[in-house]
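In: below is the sequence, then the predicted model.
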Amino acid sequence: MVQKARNHWLILVLLALAQFMVVLDVSIVNVALPAVEKAFHMTQTSLQWIVTAYTLAFGGFLLLGGRAADLFGRRRLFIIGTIVFGVASLLDGLAQSGTMLIALRAAQGLAAAFMSPAALSIVLVTYREGHERNTALSVWGAVASGGAAAGVLLGGIITEYLGWRWNFFINVPVAILVATFAFRWLPAHESEETHNDLDLPGAVSVTAALMLLVYGIVEAPSHGWTAGSTLSYLGIAIALLVFFVWNELRVKNPLVPFKIFRIRNVTGANLTMMPIVAGMFSTFFFISLYTQTVLGYSPVKTGLSFLVIPVVIAIIATNVPRVVKKIGFKPILMVAPLFTAAALFWFSHIRVGGNFVHDLLPGFILMGIGMGGTFVAVTIAATSGVPARESGLASGILNTSQQVGGALGLAILTGLATSATTRFVHNLSTAPNKLTPALAEVHGFHTAFLVGTCFMLGASLLATVLLKQSKRTAKGPQEETAAVGMH
């Protein structure tokens with residue numbers, strides 16, 4: 001029994017390491033962006049695509065990846081995804097142009113889309129619903145939220161001392177390690193479904209729709225919201241989403257059985273997740289640029305400045321399961337986003353001549369508190385009461401909400417920041433002595449952070465209205481439906 005428990009926690013460490021690698025790659029390149037920009041002579045708009053291509057492919061294919069894990073075996077999909085992720089990372093580091101790097105980042109995101117939901121699905125079927133699973137998900141949530149902040153720190157150290165290419169090379173030995181031990185430790189986790197009919201029309205339509213939607217929003221600031229190209233992208237995306245819904249309602253084995261959304265907290269948690277991640281991803285993007293281009297920090301100093309966030313997240317996340325056990329996840333999801341909103345509001349006042357203690361530290365502490373509470377609670381909420389046979393689907397939906405929310409948020413807020421900077425330059429063109437590039441850039445950041453604050457307030461409101469209070473105890477009626485068989 002002791003050996004069984006030990007193996008369970010070794011499995012959690014292995015899966016958390018894989019998820020850490022996946023989340024890390026969203027933010028690890030942020031600090032390296034100025035070095036990549038210089039190496040390939042890229043514009044800030046094209047630079048954004050190094051982040052967006054990854055999150056877009058990741059988010060676009062997650063539903064397919066999650067459902068494939070349920071149909072074809074979780075361990076198989078997890079190991080294949082990990083190997084492809086390692087190969088794509090190696091090729092990223094060898095990229096010879098900005099365009100090549102962006103394309104390979106998309107391939108890396110595609111691999112992550114099969115890795116991540118399979119990993120979370122294994123967690124869901126390995127730990128019994130209730131306090132045991134909540135404890136496991138607290139580790140998962142801490143990794144998911146802390147990985148983004150840790151990525152900035154690690155990216156800074158690697159970029160300064162090894163060069164930006166090593167931000168990708170570092171994944172290769174980790175992927176080999178994870179795939180090797182996954183093959184040795186993980187149970188087979190074969191399909192629990194009676195069929196292997198993968199809904200390809202649904203997968204193709206929803207993936208294409210999500211990608212065109214984000215692409216249209218990313219390009220809108222430069223082409224114009226009413227431009228023919230923008231309206232075409234958005235129109236085709238909406239048409240594909242309509243086709244996807246129609247297809248799911250008529251096929252025998254849909255990619256997304258809509259009955260899963262009858263579980264109220266699955267729907268509420270995913271809708272709450274999207275604005276949370278939309279504000280969070282953009283924070284790391286803009287603050288990484290602010291510290292290096294405005295404050296003049298080195299990559300290492302930038303990374304070290306973010307260190308406080310994962311430290312605070314770790315403290316908060318490890319205590320969330322006990323709080324959930326007493327009061328449920330709804331109160332946490334009502335309050336935690338307000339801390340993140342306060343952090344973004346603080347960042348909306350960063351100064352051109354700022355410093356770490358005044359302009360960044362208070363916001364980082366608030367951000368860590370908000371993220372540590374939010375990610376653990378929303379993961380518990382989005383996966384509670386889900387039957388084991390649909391755990392991959394639930395994992396895919398949650399990860400899709402996260403990645404699509406992040407990609408959309410970054411696209412929207414980057415566009416708003418660019419527009420605000422342009423307007424600021426135009427308005428001060430009559431007083432050039434008052435205008436500096438840093439002043440205009442910081443003004444754009446202010447606008448983005450204020451809108452991000454609204455995202456977080458919206459998330460708190462959604463949690464208040466949509467989530468059903470559910471006090472998780474050691475016993476509960478839903479345990480029987482979602483209890484695990486893979487012990």
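Out: Right, received. Where do you want to start? Keep in mind that this is a model prediction, so the values were computed, not measured. Numbering: from 1, shown residues only.
In: mind listing what's buried along the helix or strand harbouring Ala150?
Out: Per DSSP states H and E, Ala150 falls inside helix 131-161. Neighbour-count burial for helix 131-161 flags 131-160 (criterion: 16 or more other CB atoms under 10 Å). C-betas here are computed from N, CA, C, even on glycine.
In: show me what that helix is packed against.
Out: helix 2-27, helix 98-126, helix 166-169, helix 264-289, helix 299-305, helix 308-317, helix 320-327, helix 361-383 (3 or more CB pairs under 8 Å, 6 or more residues apart in numbering; DSSP states H and E).
In: make it 6 Å
Out: Packing contacts for helix 131-161, counted by 3 or more CB pairs under 6 Å, 6 or more residues apart in numbering; DSSP states H and E, involve helix 2-27, helix 166-169, helix 299-305, helix 308-317, helix 320-327, helix 361-383.
In: could you figure out how far it is turned away from helix 320-327?
Out: 150 degrees (axes from the mean of the first three to the mean of the last three CA atoms, to 10 degrees).
In: how far off centre is helix 131-161?
Out: In terms of CA atoms, centre = their mean, to the nearest Å, the centre of helix 131-161 is found 11 Å from the chain centre.
In: I'd like the distance between Leu90 and Ser222.
Out: 32 Å (CB to CB, to the nearest Å).
In: quick one, which of these two is more surrounded?
Out: Leu90 (16 against 13; other CB atoms under 10 Å).
In: sorry, back to before: mean confidence for the helix holding Ala150?
Out: In this model, helix 131-161 has an average pLDDT of 78.
In: ok, stretch 311-323 next?
Out: 85.
In: ok, now stretch 398-418?
Out: Across stretch 398-418, pLDDT averages out at 81.
In: likewise stretch 77-94?
Out: On average, stretch 77-94 scores 94.
In: shaky segments in the stretch 251-400 of the chain?
Out: Judged by pLDDT under 70, the stretch 251-400 of the chain has its weakly predicted residues at 388.
In: correction: the stretch 101-250 of the chain
Out: Short version for the stretch 101-250 of the chain, where the test is pLDDT under 70: 144-146, 148-149, 188-196, 221.
In: can you rerun that using 90?
Out: 113-164, 167, 170, 182-204, 206-230, 248-250 (pLDDT under 90).
In: ok so, going back, between the helices and strands packed on helix 131-161, which gets nearest to Leu410?
Out: Each of the helices and strands packed on helix 131-161 has some distance to Leu410 by CB to CB; the shortest is helix 2-27, at 9.7 Å.
In: so which bits of that closest one are buried?
Out: 11-12, 14-27.
In: show me what it is packed up against.
Out: Helix 2-27 packs on helix 98-126, helix 131-161, helix 171-185, going by 3+ CB pairs under 6 Å, 6+ apart.
In: minimum distance to Gly452: which of the ones you listed has it?
Out: Closest to Gly452 of these, according to CB to CB: helix 131-161, at 14.5 Å.
In: the closest one vs helix 2-27, what angle?
Out: Using the same axes, to 10 degrees: helix 131-161 against helix 2-27 is 40 degrees.
In: after the top helix by length along the chain, next one along is what?
Out: The helix that spans the most residues within the chain, counting by DSSP state H, is helix 391-427. Counting by DSSP H and E, the next helix or strand C-terminal to helix 391-427 is helix 437-466.
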